[in-house]
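1. My questions are about this predicted structure, shown below with the sequence.
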Amino acid sequence: MFFIGIFGVQSKSERIHTETAVICPVCEAYGRYEIIKSYYYFHFFFIPLWRWNKRYYIQTQCCSRICEIEKTLGEKIEAGESVEIKKEQILCGGSPSTRICPSCSAQAEPYYQYCPHCGTRLSN
């Protein structure tokens, strides 16, 4: 019996919620931000079998920053609960001009044209 197996590990990012009419926790401008969930998963024949390293982020519209939020907070938002995100619950790293990969959500320097992690072209 001959068997061909297609399996692998991939990262994935999903936009799970958009919060409007909020004050940006980074630049304190009035605007909106999106809640993003990223994780790695193992798949077999393109069917995801298990996920790990789940993280939740907010991406601000005004200054295009990506900031990590607490996992429990992200899980509540994903479940549909109405949650207020406080400045103390947000961890922002990198410089304000850091670019974010739309494919794997990795942060890249502003002068990079391609993501250093997955090779996806970064938008301007």
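-> In hand now; what should we look at? Numbers count the residues shown, from 1 in each chain.

2. ok but Lys76 is inside a helix, no?
-> Yes. Checked against DSSP: H, G, I helix; E, B strand; the rest coil, Lys76 lies within a helix.

3. residue contacts, it?
-> Val83 (CB atoms under 8 Å, 6 or more residues apart in numbering). Backbone N, C-alpha and C define where each C-beta goes, glycine included.

4. I'd like to know which helix or strand in the chain has the lowest mean pLDDT.
-> Lowest by mean pLDDT, DSSP states H and E among the helices and strands of the chain is strand 99-100, with a mean of 74.

5. so how far is that one off the chain centroid?
-> Distance of strand 99-100 from the chain centroid (CA atoms, centre = their mean, to the nearest Å) equals 11 Å.

6. do the same with stretch 21-35
-> Stretch 21-35 sits 16 Å away from the centroid of its parent chain (CA atoms, centre = their mean).

7. cool, stretch 100-107 as well?
-> For stretch 100-107, the distance to the chain centre is 7 Å (CA atoms, centre = their mean).

8. Name the SS class of Leu73, please.
-> helix.

9. confidence score at it?
-> With respect to pLDDT, Leu73 scores 93.

10. longest strand anywhere in the chain?
-> strand 7-23 (DSSP state E).

11. Paired strands for the least confident helix or strand of the chain, with orientation please.
-> Applying DSSP bridges, strand 99-100 is found paired with strand 107-108 (antiparallel).

12. Which residues outside the least confident helix or strand of the chain are in contact with it?
-> Counting by CB under 8 Å, 6+ apart, 59, 64, 66, 106-110, 112, 122 sit against strand 99-100.

13. Name the nearest of those relative to Ile6.
-> Within the contacts of strand 99-100, proximity to Ile6 (CB to CB) peaks at Ala106, which comes in at 24.8 Å.

14. residue contacts, the residue nearest the centre of the chain?
-> By CA atoms, centre = their mean, the chain has its centre lying nearest to Ile36, at 4.2 Å. Listed by CB under 8 Å, 6+ apart, the contact set of Ile36 reads 13-16, 56-59, 66, 105.

15. now the residues you listed: which count as buried?
-> Buried subset of these (neighbour count, 16 or more other CB atoms under 10 Å): 13, 56-59, 66, 105.
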